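Peer 1: Dropping a prediction and its sequence here:
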Amino acid sequence: MGGGRFIYGDITMSKVPKVWCSFEEQADKLIGRGLEVCHKELLIEYLKSHNYYYLTGYLYQYFDDSTKRYVDTTNKDGKLTYFKIREIISFDSLLRSLINYQIDIIERDIKTKVAYYIGEKYGALGYLNDSQFTEQTGFKKFKKLLNKYIRQNRNQEFIKHHDSKYKGQLPIWVAVEIMPLGMILKLFSYTDIKTKRKIVRCYSFNNLDKFESWFYCLVKFRNLVAHNNRLYRYNIKMTPKRSQIYPTLTGKVFDYIVILSELYPRDSKFTWNGMFINVIQNIVAKQTFVDLIEYGFPENWNNIIKL
């Protein structure tokens with residue numbers, strides 16, 4: 001094993017990155033770094049359902065490099081409690097679920113508009129005609145990816161129906177049903193400018209540059225929440241174009257939530273106001289440790305995004 005390398009099975013590694021620890025040892029590590037726990041058994045049970053690495057994703061925000069301990073500056077004694085972190089994680093999970101639900105509604109709306117106006121311009125199958133779109137190399141990749149999703153969904157009844165009756169040809173309004181949001185964005189980007197503007201005119205802001213920026217950010221945000229990433233104190237990497245309803249960019253999740261409110265279908269505004277804004281307000285009112293400012297929410301956030 002010269003040079004510190006060894007072979008395990010058919011995998012060659014330079015060294016073992018970490019040593020396996022029992023749940024009790026994991027709890028001891030966290031307590032040793034300053035996490036305040038009334039009863040260690042509570043933390044052990046929590047670690048059995050919440051991966052250590054997932055938990056430390058929230059804890060590292062409080063890690064003091066100089067002392068190598070967790071420090072909570074909002075607490076008078078500087079101690080970070082297990083109950084605070086548990087409450088934050090619980091709220092974070094709920095917020096992701098609420099956002100996911102609202103993004104599903106926005107995605108349905110965007111798919112409908114894209115399918116309708118591209119179908120109007122190019123016909124049922126015109127979206128498969130390379131010459132009608134602007135970016136040829138990317139469009140060929142798009143069609144290859146579409147065929148992959150058709151194969152993956154071949155057991156769906158509507159795919160079987162089009163296989164048997166129409167030789168597998170999917171009209172645009174059928175094809176969008178198997179396209180993820182990222183593919184819809186690509187299809188939109190390949191579309192001619194007049195059709196793009198028709199789609200954007202369906203929104204109150206009616207600005208193509210903003211729509212393209214917000215659509216791109218929506219795809220990134222969906223991926224973030226769909227993969228259970230931490231939202232608490234999350235610093236967004238893709239800055240959206242400013243919105244008129246709240247031109248201040250926080251660099252936090254609230255920037256994306258503003259986008260959701262701008263893209264939200266107005267016929268569903270009661271869902272947004274009732275199942276997003278009201279739910280968050282009610283939950284936060286019952287929490288002890290959750291502070292929406294950590295997500296970039298300003299004081300009057302509910303009035304800003306209310307439809």
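Peer 2: Alright, I've got the coordinates.
Peer 1: Quick one: residues contacting Met179.
Peer 2: 111, 146, 149, 187 (Cβ atoms under 8 Å, 6 or more residues apart in numbering). Yep, even glycine has a C-beta here, placed from its N, CA and C like the rest.
Peer 1: oh sorry, the question was meant for Lys196
Peer 2: Neighbouring residues of Lys196 by Cβ under 8 Å, 6+ apart: 188, 208.
Peer 1: And for Ile259?
Peer 2: Ile259 touches 214, 217-218, 221, 240, 243, counting by Cβ under 8 Å, 6+ apart.
Peer 1: In this protein, where is pLDDT below threshold?
Peer 2: Low-confidence segments of the chain, defined by pLDDT under 70, span residues 1-16, 130-137.
Peer 1: can you give me the strands for the stretch 51-200 of the chain?
Peer 2: 63-64, 69-70, 80-81 (DSSP state E, counting those that start in this stretch).
Peer 1: circling back to that earlier point, what is the most widely separated pair among the contacts of Ile259?
Peer 2: Taking Cβ to Cβ, the two most distant members of the contacts of Ile259 are Phe221 and Ser243; they sit 14.2 Å apart.
Peer 1: neighbour-wise, which of the two wins?
Peer 2: Per other Cβ atoms under 10 Å, whichever of Phe221 and Ser243 has more neighbours is Phe221, with 24 against 19.
Peer 1: Now the more buried one: which helix or strand?
Peer 2: helix 208-226 (DSSP states H and E).
Peer 1: Name the residues that touch that helix?
Peer 2: 96, 99-100, 103, 106-107, 110, 181-182, 185, 188-189, 193, 196-197, 199-200, 203, 205, 231, 234, 238, 240-241, 243, 256, 259-260, 262-263.
Peer 1: and if we set it to 6 Å?
Peer 2: Helix 208-226 is contacted from outside by 96, 99-100, 103, 181-182, 185, 196, 200, 238, 240-241, 256, 259, using Cβ atoms under 6 Å, 6 or more residues apart in numbering.
Peer 1: Who wins on neighbours among those residues?
Peer 2: Within those, Tyr256 tops the neighbour count with 26 neighbours, counted by other Cβ under 10 Å.
Peer 1: now the residue nearest to Thr271 when sequence neighbours are not counted: how far from Asp267?
Peer 2: Nearest non-adjacent residue to Thr271, counting by Cβ to Cβ, 6 or more residues apart in numbering: Ile105, 6.6 Å away. Using Cβ to Cβ, to the nearest Å, Ile105 is found at 10 Å from Asp267.
Peer 1: which one of those two has more residues nearby?
Peer 2: Ranked by neighbour count (other Cβ under 10 Å), Ile105 and Asp267 place Ile105 first, with 18 against 8.
Peer 1: so what's Phe23 up against?
Peer 2: 44, 47-48.
Peer 1: ok so, going back, mind putting the strands of the stretch 51-200 of the chain in TSV, mean neighbour count included?
Peer 2: What follows is those, written out as TSV (neighbours: other Cβ atoms under 10 Å):
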stretch	mean neighbour count
strand 63-64	14
strand 69-70	20
strand 80-81	20
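Peer 1: Switch those over to a markdown table; also include distance to Ser90.
Peer 2: Shown next, in a markdown table, are the strands of the stretch 51-200 of the chain (distance: least, Cβ to Cβ, whole Å):
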| stretch | distance to Ser90 |
| --- | --- |
| strand 63-64 | 21 |
| strand 69-70 | 19 |
| strand 80-81 | 14 |
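Peer 1: Give the ChimeraX command for selecting the buried subset of the contacts of Met179.
Peer 2: In ChimeraX, this line selects whichever of these come out buried by 16 or more other Cβ atoms under 10 Å:
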select :111,146,149,187
